[in-house]
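> fold the following and give me the result.
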Amino acid sequence: MVFSHFLIIIELTSSFNSYIVKKINNPTGYSTPRISVNPLCEYVYATATRRGSIIKNSKEKPTYMTVRYNHAEEILSFYLAQSTVDVKILTDQIYSLNTIKYKSDFEKRCATISAEALSAFLRKESYVKKILSLYKSFMTIEETKHKLIINGVQISIRPEIILRDTLGKQQLGFVKFYFSKSVPLTQERAELIACVGKHYFESEHHLPLLNKNCFVLDVFRGEIFSAPKSHVKRMNDIYASCQEIADRWHLL
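The predicted structure is shown next:
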């Protein structure tokens, strides 16, 4: 039953409607500052030149198609949220992504890069699964509500997995995915992402999460990081970065 539900997920997304950023008629930039948590945490440690690029990328509405990891995100979210499914589900989906006939080269690239991410993750699958076995996990891929505003900048936080107690009632933590084939996630950046996520749930939902339950997963390398004990300086860096982004938003 679980496996058939999993196949439905892939069927419903096979059209790539959620994977393609289509060209728009009016490619004006967003009028108010906004950024996702991953590039925000990159911004904190970036060079001046790179910071400018991050703001521009966050500001401009997309005018082209881009390769995304939506397949891998959905498949991995489902797999990690199901404590009883066999790892064969992942290998079957990797095979499907690599062998299905697609309507365009772009669609094929999207599927291929997701298959690569899942294949890389398999090397550390048992390690990650063991850590998350202490919780009851829930997918959040269809949720868009997880946003936080700091110094006038709207930050998209959405974790891919919500972690609850074994009864599935009380939220204990979360898992945020990081996808990059060529750029490994550094510990300092991973800890910063976890800090921002923890701050969001504490400030917006009044959930006192423990550091050890707030995770960031580097999918390609199968490394999982938790929030550090020290938060004050890191969050000060986030607040300062958001202020800088807000100040520069209309200048770039």
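> in the stretch 101-250 of the chain, where is pLDDT below threshold?
Low-confidence segments of the stretch 101-250 of the chain (pLDDT under 70): 141-144.
> could you give the number of residues near Ile238?
Using other C-beta atoms under 10 Å, Ile238 has 25 other residues around it. Placement of C-beta: from N, CA and C, glycine included.
> just Cys41 next, same as before
Applying other C-beta under 10 Å, I find that Cys41 has 29 neighbouring residues.
> distance of the residue nearest to it when sequence neighbours are not counted from Gly152?
Leaving aside its sequence neighbours, Cys41 sits nearest to Leu192 (C-beta to C-beta, 6 or more residues apart in numbering; 4.3 Å). The gap separating Leu192 from Gly152 is 20 Å, by C-beta to C-beta, to the nearest Å.
> more crowded one of the two?
Taking neighbours as other C-beta under 10 Å, Leu192 and Gly152 compare with Leu192 leading, 28 against 13.
> what packs against the helix or strand containing the more buried one?
Assigned by DSSP states H and E, Leu192 belongs to helix 187-205. Applying 3 or more C-beta pairs under 8 Å, 6 or more residues apart in numbering; DSSP states H and E, we find helix 187-205 packed against helix 37-45, strand 147-150, strand 171-178, strand 214-218, strand 223-226, helix 232-248.
> nearest to Lys103, out of the ones you listed?
The closest of the helices and strands packed on helix 187-205 to Lys103 is strand 171-178. By C-beta to C-beta, the value is 26.8 Å.
> that closest one pairs with which strands?
In the sheet, strand 171-178 lines up against strand 161-164 (antiparallel), strand 214-218 (parallel) (DSSP bridges).
> excluding covalently adjacent residues, which one is nearest to the residue nearest the centre of the chain?
Nearest to the mean C-alpha position of the chain, counting by C-alpha atoms, centre = their mean, stands Phe177 at 3.9 Å. Excluding the flanking residues, the one nearest Phe177 by C-beta to C-beta, 6+ apart is Glu160, at 4.7 Å.
> same question for Ile100.
Closest to Ile100 by C-beta to C-beta, 6+ apart is Ala111, at 6.9 Å.
> do the same with Asp165
Leaving aside its sequence neighbours, Asp165 sits nearest to Leu172 (C-beta to C-beta, 6+ apart; 5.9 Å).
> thought that neighbour was touching Asn211?
No: using C-beta atoms under 8 Å, Leu172 is not in contact with Asn211, being 11.4 Å away.
> what segments of the stretch 1-150 of the chain are helices?
Under the criterion DSSP state H, counting those that start in this stretch, the stretch 1-150 of the chain contains helices at 2-13, 37-45, 48-59, 70-81, 88-99, 105-121, 125-132.
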